[in-house]
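Q: Attaching a predicted model along with its sequence, questions to come.
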Amino acid sequence: MGVLILLRHGESQWNLENRFTGWVDVDLSPKGEQEAKEAGEKLKPYAFDRVYTSVLKRAVRTMEIALKTAGIEGVPVVQNEALNERHYGDLQGLNKAETAQKFGDEQVHIWRRSFDVPPPNGESLKDTAARVLPYWESDISPDIQTGKSVLVAAHGNSLRSLVMRIDSISAEEIPNLNIPTGVPLLYAYDADADRLINKGYIE
């Protein structure tokens, strides 16, 4: 049976400060470290053949803390910037509330939640999916198809891109999907890896 578990990183310091983070390499907050430990507790029943992460430290550290907590050692880890968070362009580092005051709530909501409208000099979710999904097809999905168990530790928007593909969610529906920090999302497949037999957050 192939298992895919998606894990959004724990709260980062800029999540805590309500800033647009994107590709800025911000570390976990103390709460984020605790969320990673709690994720590790939930991963104890599982074994992985391979782990994929972005190159950003909040995802890498979440993965490291979770695996250590779960007692999982010696698993090959592959880092690739294809799994990085959506690039927020000129908004990176700005406080979200102050940005809404400057540009208006509606405009900021469009930048944050629309499928194909990017912030200035940044990526839309459509753009993010355009780099995430080829990597999924070339590297991660083949592991699942051969029955391997895989953990992907990444970010809200890169994981939304994967869930959009796996669950066949439309461009109109995907802006409403929220993936919580530090809660593993399980997809379990049958022995032939062609039928999903279990799905859900591991509580």
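A: On my side now, so go ahead.
Q: going forward, measure contacts and count neighbours with C-alpha atoms only.
A: Noted.
Q: Chain neighbours aside, what residue packs nearest to Val77?
A: Val51 (4.7 Å; C-alpha to C-alpha, 6 or more residues apart in numbering).
Q: That neighbour contacts Asn80, correct?
A: No - under the contact definition of C-alpha atoms under 8 Å, Val51 does not touch Asn80, with a separation of 11.1 Å.
Q: Looking at these two, which has the bigger crowd around it?
A: The neighbour comparison of Val51 against Asn80 (other C-alpha atoms under 10 Å) goes to Val51, with 20 against 13.
Q: my guess is the residue nearest to Val77 is in a helix, correct?
A: No - assigned with DSSP: H, G, I helix; E, B strand; the rest coil, Val51 falls outside any helix and is strand.
Q: where's Arg61, which helix or strand?
A: helix 57-70 (DSSP states H and E).
Q: How far away from the center of its chain is that helix?
A: From the chain centre to the centre of helix 57-70 is a distance of 13 Å (C-alpha atoms, centre = their mean, to the nearest Å).
Q: that older thread, distance of the residue nearest to Val77 from Ile140?
A: 9 Å (C-alpha to C-alpha, to the nearest Å).
Q: tell me, what's touching those two both at once?
A: Taking C-alpha atoms under 8 Å, 6 or more residues apart in numbering as the contact criterion, the common neighbours of Val51 and Ile140 are Val150.
Q: circling back to that earlier point, using PDB, write out the CA atom coordinates for the helix holding Arg61.
A: In PDB, the C-alpha atoms belonging to helix 57-70 read as follows (Å, rounded to 0.1, in the frame of the first residue of the first chain):
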ATOM      1  CA  LYS A  57      14.000  26.300   6.700                       C
ATOM      2  CA  ARG A  58      10.500  26.500   8.200                       C
ATOM      3  CA  ALA A  59       9.600  23.400   6.100                       C
ATOM      4  CA  VAL A  60      12.900  21.600   6.600                       C
ATOM      5  CA  ARG A  61      12.900  22.200  10.400                       C
ATOM      6  CA  THR A  62       9.300  21.000  10.600                       C
ATOM      7  CA  MET A  63      10.300  17.800   8.800                       C
ATOM      8  CA  GLU A  64      13.400  17.300  11.000                       C
ATOM      9  CA  ILE A  65      11.500  17.900  14.300                       C
ATOM     10  CA  ALA A  66       8.600  15.700  13.200                       C
ATOM     11  CA  LEU A  67      10.800  12.800  12.100                       C
ATOM     12  CA  LYS A  68      12.900  13.000  15.300                       C
ATOM     13  CA  THR A  69       9.800  13.000  17.500                       C
ATOM     14  CA  ALA A  70       8.400  10.100  15.500                       C
END
